[in-house]
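**Student:** Sequence first, predicted model second:
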Amino acid sequence: MHEQPDYCPQPDAKPTATNTAVPIWIVVLTLVLVFLGAVYFDRHSGWFDAKVYGPFTSVEQLAAYQPQSGEAALAAHGKVVYETVCGLCHGSDGLGKANQAPPLAGSEWVAKDLVSLARVPLAGLNGPIQVAGHDWNLAMAPMGAGLSDSDLAAVLSYIRTAWGNKSSPVSEADVKAARAAISGNAPSATDLAKMTPPERGHEVFKKYGCFQCHGPDGKGGVSNFNAKTAEQVPSLVYVADGYNKAELLAFISRGERVIPRKNPNGPEPPHFMPKWGGIVTTNELSDLADFLFSLKPKGEKLDF
Ligand code: HEC
Ligand code: HEC
């Protein structure tokens, strides 16, 4: 007979399960792993975007997502310039607006040789013209004079190929040549640097054709049928009395689309103040304001 070792369980002992708390480090580790997983998903996945996970159904569809180059890119950029600078008058559809601007869609002007076409946005267009068999007698300021060669090439290419127009696109070199042919007598950069700000501002006034509506040297006299301001585009000789420089720059940049009518039931006046922000550069605007302030006859107090 030998003794039972004392570590032996009693024969009637049964295994039991008790409730013990999960160790805190497992909880923390799980949370950290979930967090890191979320960060990884955030950085490396496309958030289930159809463009990442969706199957392409055609080569055209895939091509539409590729970065564009050449003529397609030129036309796409031209559309942006068009909507910003020209579309307000000629319309997004290129159909123009009655009593405001002739159509560009189907216009023989758009199909003309490049120097004749570029002359319109660079030098403006005044007086009676025919477009697709209809008479127009309005004025367009040189709305494109402040655009770079590449922006102008893009916008002209756009109007020559959009809305069913079928003329050749225009290159930057074409625009450079046309600009040189048109602005032969404009002062050079060295000439401009020697001028005082009001003198430079006078050149800006001529460059953008402000005189077409505000008269030579801003003295007024241009008729604007049914406008409340004596049926004329206002003279600018006394703007120094109505605006300080910041206000004047803000007004010119913003323009004024809706011209108050003399007879409220009469037609919309043909001339409105274009929005010059983004067309006239910041330096030019400052010189322009100095020029306009200098118009006020000497001897009268400038109270701004
Ligand atoms: C503030 C309004 C206005 C803006 C902005 C404007 N135009 Fe015009 N455009 C006119 C008017 C008005 C005429 C007609 C002038 C006339 O009767 O002699 C015209 C005429 C034309 C013509 C010749 C006639 C025709 O319909 O084909 C072309 C080309 C043209 N504009 C292109 C442009 C381009 C390009 C831009 C932008 C860079 C532009 N215009 C911005 C008002 C505008
Ligand atoms: C297509 C015609 C047209 C052109 C081009 C034009 N303007 Fe105007 N401008 C107007 C009209 C119309 C008004 C009157 C706005 C109103 O009644 O609210 C006006 C108003 C103004 C005023 C405010 C005058 C006042 O007494 O409050 C200033 C300043 C001005 N224009 C400056 C310019 C400058 C600078 C340019 C050239 C960069 C220019 N305009 C080109 C039509 C034009």
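**Tutor:** Perfect, I can see it now. Numbering: from 1, shown residues only. Ligands and ions are numbered 1, 2, ... in the order given.
**Student:** Poorly predicted segments of the stretch 51-200 of the chain, please.
**Tutor:** 51-56, 62-69, 183-185 (pLDDT under 70).
**Student:** Might you report the residue contacts of the residue in it that ligand 2 sits nearest to?
**Tutor:** The nearest approach of the stretch 51-200 of the chain to ligand 2 comes at residue 141, 3.4 Å away (CB to the nearest ligand atom). The C-beta positions use only the backbone N, C-alpha and C, and glycine is treated the same way. Taking CB atoms under 8 Å, 6 or more residues apart in numbering, we find residue 141 in contact with 124, 208, 209, 210, 212, 213, 274.
**Student:** Filtering the residues you listed by proximity to ligand 2, which remain?
**Tutor:** Filtering those for proximity to ligand 2 (criterion: CB under 6 Å from any ligand atom) leaves 208, 209, 210, 212, 213, 274.
**Student:** among these, who's most crowded?
**Tutor:** Counting neighbours by other CB atoms under 10 Å, residue 210 comes out on top of the ones next to ligand 2 among the contacts of residue 141 with 25 neighbours.
**Student:** about what we covered before: please list which of the ones next to ligand 2 among the contacts of residue 141 are also close to ligand 1.
**Tutor:** Within the ones next to ligand 2 among the contacts of residue 141, those near ligand 1 by CB under 6 Å from any ligand atom are residue 274.
**Student:** What about the ones next to ligand 2 among the contacts of residue 141, which are in strands?
**Tutor:** Using DSSP state E, no member of these sits in strands.
**Student:** Now do the helices in the stretch 201-304 of the chain.
**Tutor:** In the stretch 201-304 of the chain, the segments counted as helices under DSSP state H, counting those that start in this stretch are 210-214, 239-242, 245-254, 282-294.
**Student:** Secondary structure element holding residue 135?
**Tutor:** strand 134-140 (DSSP states H and E).
**Student:** and that strand, does that touch ligand 1?
**Tutor:** Yes - residues of strand 134-140 contacting ligand 1 under CB under 6 Å from any ligand atom: 136, 137, 138, 139, 140.
**Student:** is it possible to export the helices of the stretch 201-304 of the chain to CSV including distance to residue 42?
**Tutor:** Output for the helices of the stretch 201-304 of the chain, formatted as CSV (distance: least, CB to CB, whole Å):
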stretch, distance to residue 42
helix 210-214, 54
helix 239-242, 55
helix 245-254, 42
helix 282-294, 41
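**Student:** Leaving out sequence neighbours, find the closest residue to the residue of the stretch 151-300 of the chain found nearest ligand 1.
**Tutor:** At 4.4 Å from ligand 1, residue 274 is the closest residue in the stretch 151-300 of the chain, using CB to the nearest ligand atom. Counting by CB to CB, 6 or more residues apart in numbering, residue 274 lies nearest to residue 255, which is 5.1 Å off, once chain neighbours are set aside.
**Student:** With just CA atoms, put the lengthiest helix in the chain into PDB.
**Tutor:** In the chain, taking DSSP state H as the definition, the longest helix is helix 24-44. Presented in PDB, the C-alpha positions along helix 24-44 are these (Å, rounded to 0.1, in the frame of the first residue of the first chain):
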ATOM      1  CA  ILE A  24      -7.400  45.000 -21.100                       C
ATOM      2  CA  TRP A  25      -4.400  44.600 -23.500                       C
ATOM      3  CA  ILE A  26      -6.500  42.500 -25.900                       C
ATOM      4  CA  VAL A  27      -9.200  45.200 -26.000                       C
ATOM      5  CA  VAL A  28      -6.700  47.900 -26.600                       C
ATOM      6  CA  LEU A  29      -4.800  45.800 -29.300                       C
ATOM      7  CA  THR A  30      -8.100  45.200 -31.100                       C
ATOM      8  CA  LEU A  31      -9.000  48.900 -31.200                       C
ATOM      9  CA  VAL A  32      -5.500  49.800 -32.400                       C
ATOM     10  CA  LEU A  33      -5.700  47.200 -35.200                       C
ATOM     11  CA  VAL A  34      -9.200  48.400 -36.300                       C
ATOM     12  CA  PHE A  35      -7.900  51.900 -36.300                       C
ATOM     13  CA  LEU A  36      -4.800  51.100 -38.400                       C
ATOM     14  CA  GLY A  37      -7.000  49.100 -40.700                       C
ATOM     15  CA  ALA A  38      -9.300  52.100 -41.200                       C
ATOM     16  CA  VAL A  39      -6.300  54.400 -41.900                       C
ATOM     17  CA  TYR A  40      -4.900  51.900 -44.400                       C
ATOM     18  CA  PHE A  41      -8.300  51.600 -46.200                       C
ATOM     19  CA  ASP A  42      -8.600  55.400 -46.200                       C
ATOM     20  CA  ARG A  43      -5.200  55.900 -47.800                       C
ATOM     21  CA  HIS A  44      -5.100  53.000 -50.300                       C
END
